[in-house]
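Student: could you work out the structure for the sequence below:
(2 chains)
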Number of protein chains: 2
Amino acid sequence: MINYPNKKANFIKTKTDHSNRGMSFENIINETNEYYLAHDKAVIHKKPIPIQIVKVDYPSRSGAVIKEAYYKVPSTTDYNGIYKGKYIDFEAKETVNKTSFPLSNIHLHQITHLESIMKHDGISFLLIFFKSLDKIYLLETKYLVEYYNRSKEGRKSIKYAEIKENGYLIKEGYSPRVDYLKAVDKIIKKG
Amino acid sequence: MINYPNKKANFIKTKTDHSNRGMSFENIINETNEYYLAHDKAVIHKKPIPIQIVKVDYPSRSGAVIKEAYYKVPSTTDYNGIYKGKYIDFEAKETVNKTSFPLSNIHLHQITHLESIMKHDGISFLLIFFKSLDKIYLLETKYLVEYYNRSKEGRKSIKYAEIKENGYLIKEGYSPRVDYLKAVDKIIKKG
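Tutor: Next up is the predicted model:
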């Protein structure tokens, strides 16, 4: 009997937990992109993981089986596509860090790629999931580049406060889960 | 001595052979995209091959080794990126056929994807390499869709003559190898 209220409290707590828990950030974004596709809002896909295939077997009467392969360092970002006629390109990263986003989380050539997209009039950004804070931010490439350049002379991370100030907070919902195109709308409006 | 002129003729023939021979169509396109990237003309990349990973080993002191994996049917196209602020998306296919391009060469969901990009104001197309004729054509999605719809009631291919009439012939060069953006320029100009 004594435990009962606590149990109830726990149950309620579980129910009000944010939807991110238990589902990977990647899956949440994929689900969001499927929603956009199904509603004909945008065509944005995750690129396959780049792999170096070394050995392939062809057992009789069945398809090819890859027997030896290695993960390659991706040369671009994870996601790209089209929205309102605009080219969209982004990388999604998560961190358990509560006060900053470590720049070691993202490859230099990915930053270079995002910058290149920006210069070609595409919309490129980083989606950052602060796991411990349960907060998702969209940070435009121009800020990412600015902080990356700063990191050459010191601080190797972007402060949470800086992301909060310059990024867009993406509120979680049910359908779509992470409606990041709302922030993209603001970017488009800004011009 | 009798053979000499023939040998010479063969040699000359080899020299004047089109550059496509001996290099895969995929590599020629990749080389072209690298040229565009290096000259800051466009940012267009080939997507990695989609693979279903089943088993991964982690031998000590070295990276992960994929020990069992399978090729997946691609859900989109091979190439996408940005050019003059426009979203570009295409699939590249080759055929040894001399009189037509068999529609069985392309997956239905790839056609659906290309059509979806077209509707979202992107520029999408098929690059077709007629190997035996040593000719490369760019065919816009609107024609691909038209011929695909026709195929439901009969002819399962696009005639070479139709591609010649409605597509853009891409002349081969040395640098870049297959300057398909010239045709894209015409598409953009047409509006």
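Student: ok, A:Ile88 to chain B distance?
Tutor: 8 Å (CB to the nearest CB, to the nearest Å). From N, CA and C alone the C-beta is placed, and that goes for glycine too.
Student: A:His45 belongs to a strand?
Tutor: Yes: the assignment for A:His45 (DSSP: H, G, I helix; E, B strand; the rest coil) places it in a strand.
Student: that one contacts A:Thr77, doesn't it?
Tutor: No: A:His45 is beyond contact range of A:Thr77, at 11.8 Å (criterion: CB atoms under 8 Å).
Student: which of these two has more neighbours?
Tutor: A:Thr77 (24 against 19; other CB atoms under 10 Å in any protein chain shown).
Student: neighbours of the closest residue in space to the more buried one that isn't next to it in sequence, just the number please.
Tutor: Distance criterion CB to CB, 6 or more residues apart in numbering or on different chains; nearest residue to A:Thr77, sequence neighbours excluded, is A:Glu91 at 4.2 Å. For A:Glu91, the neighbour count with other CB under 10 Å is 24.
Student: how about A:Glu91, phi and psi?
Tutor: phi -120, psi 140 (degrees, to the nearest 10).
Student: show me what the residue nearest the centre of chain A bridges to in the sheet.
Tutor: Relative to the mean C-alpha position of chain A, the nearest C-alpha, by CA atoms, centre = their mean, is the one of A:Ala92, at 2.0 Å. According to DSSP bridges, the residues that bridge with A:Ala92 are A:Leu127.
Student: would you mind listing what in chain A touches chain B?
Tutor: Proximity of chain A to chain B is confined to A:37, A:40, A:42-43, A:45, A:47-51, A:53, A:63-72, A:75-76, A:80-87, A:89, A:113, A:116-117, A:119-122 under the rule CB under 8 Å from any CB of the partner chain.
Student: ok, of these, which come out buried?
Tutor: A:37, A:42-43, A:45, A:47-48, A:50-51, A:53, A:65-69, A:76, A:80-83, A:86-87, A:89, A:113, A:116-117, A:120, A:122 (16 or more other CB atoms under 10 Å in any protein chain shown).
Student: among those residues, name the ones in helices.
Tutor: Those of these mapping onto helices are A:Leu37, A:His113, A:Ser116, A:Ile117, per DSSP state H.
Student: I'd say the third one and B:Val43 touch.
Tutor: Same thing as A:Ser116. Yes: A:Ser116 lies in contact with B:Val43 (CB under 8 Å); the separation is 5.3 Å.
Student: joint contacts of those two?
Tutor: With contacts taken as CB atoms under 8 Å, 6 or more residues apart in numbering or on different chains, A:Ser116 and B:Val43 have B:Leu37 as neighbours in common.
Student: still on that earlier bit, taking the residues of chain A next to chain B one by one, which sit in strands?
Tutor: Applying DSSP state E to those, the entries found in strands are A:42-43, A:45, A:51, A:53, A:65-71, A:80-83, A:86-87, A:89.
Student: hmm, which helix or strand of chain A has the shakiest average pLDDT?
Tutor: helix A:4-16 (a mean of 37; mean pLDDT, DSSP states H and E).
Student: low pLDDT regions in chain A?
Tutor: Where chain A drops to pLDDT under 70, the residues are A:1-22, A:61.
Student: could you rerun that using 80?
Tutor: A:1-22, A:60-62 (pLDDT under 80).
Student: check contacts around the nearest residue to A:Tyr58 once chain neighbours are set aside.
Tutor: Spatial nearest neighbour of A:Tyr58, excluding adjacent residues (CB to CB, 6+ apart): A:Ala64 at 5.5 Å. A:Ala64 is in contact with A:Val56, A:Asp57, A:Tyr58, B:Tyr70, B:Tyr71, counting by CB under 8 Å, 6+ apart.
Student: now distance to A:Ile188 too, for those residues, in a markdown table please.
Tutor: Below are the contacts of A:Ala64 laid out as a markdown table (distance: CB to CB, whole Å):
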| residue | distance to A:Ile188 |
| --- | --- |
| A:Val56 | 44 |
| A:Asp57 | 49 |
| A:Tyr58 | 49 |
| B:Tyr70 | 40 |
| B:Tyr71 | 37 |
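Student: and the residues you listed, which is closest to A:Glu31?
Tutor: B:Tyr70 (23.6 Å; CB to CB).
Student: neighbours of A:Ile111, just the number please.
Tutor: For A:Ile111, the neighbour count with other CB under 10 Å is 20.
Student: so A:Thr32, which of the three states?
Tutor: helix.
Student: for A:Asn30, give its distance to chain B.
Tutor: Taken as CB to the nearest CB, the span from A:Asn30 to chain B is 11 Å.
Student: can you check A:Ser157 too?
Tutor: Counting by CB to the nearest CB - A:Ser157 and chain B are separated by 25 Å.
Student: that residue bridge partners, please.
Tutor: A:Pro102.
Student: isn't it up against A:Ile106?
Tutor: No: taking contacts as CB under 8 Å, A:Ser157 lies outside contact range of A:Ile106: 11.0 Å.
Student: which residues do these two both contact?
Tutor: Counting by CB under 8 Å, 6+ apart, nothing touches both A:Ser157 and A:Ile106.
Student: let me see the contact set for A:Thr95.
Tutor: Contacts of A:Thr95 (CB under 8 Å, 6+ apart): A:Phe101, A:Pro102, A:Asn105, A:Ile128, A:Phe129, A:Phe130, A:Lys131.
Student: is it fair to say A:Lys182 lies in a helix?
Tutor: Yes: applying three-state DSSP, one finds A:Lys182 inside a helix.
Student: my guess is it contacts A:Leu169, does it?
Tutor: No: with contact defined as CB under 8 Å, A:Lys182 does not count as touching A:Leu169 (10.3 Å).
Student: having no further points to raise, I will conclude here.
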